[in-house]
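> here is the input, now give the coordinates:
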Amino acid sequence: MNPFDLLKNMNSLRSQMAQMQGKLETLSATGSSGGAMVEVTINGKMEVQSIKIEESVVDPNDVKTLEVLVAAAFNNAVAAMQELLKEEATSLATGGSK
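Below you'll find the model as predicted:
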């Protein structure tokens, strides 16, 4: 492979990575658990943006259930974000834009 072609490809890859980095903060995904009694929203950097908990789930005598629901909602949000990031990366790699 021609070294100049390699350099051209590297610049293109850097540009695509910069685009993706910029999108990370604007992307969001929400996960839920307990029939949507607990919802967690994260951004593309996997930072929690919000947590919503229905009052009916809050029981001082059963904190463990709430902990399980929050963890499940977070894991659900992460799975949704991973799928979204995969779609975004595929779109960038194929030259499309979302």
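> all strands for the protein, in order.
Taking DSSP state E to define them, one finds strands in the chain at 28-33, 38-43, 48-53.
> any chance of those strands in JSON lines, plus mean neighbour count and mean pLDDT?
The way it works is simple: take the backbone N, C-alpha and C, and place the C-beta from them, glycine included. Shown next, in JSON lines, are these (neighbours: other Cβ atoms under 10 Å; pLDDT from 0 to 100):
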{"stretch": "strand 28-33", "mean neighbour count": "18", "mean pLDDT": "98"}
{"stretch": "strand 38-43", "mean neighbour count": "21", "mean pLDDT": "98"}
{"stretch": "strand 48-53", "mean neighbour count": "13", "mean pLDDT": "98"}
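> quick one: residues contacting the nearest residue to Val48 once chain neighbours are set aside.
By the measure of Cβ to Cβ, 6 or more residues apart in numbering, the closest residue to Val48 outside its immediate chain neighbours is Ile42, 5.6 Å from it. For Ile42, the contact set (Cβ atoms under 8 Å, 6 or more residues apart in numbering) comprises Ser28, Ala29, Thr30, Gly31, Val48, Gln49, Phe74, Ala77, Val78, Met81.
> now Ile42, which residues is it bridged with?
In this entry, Ile42 is beta-bridged to Ala29, Val48, by DSSP bridges.
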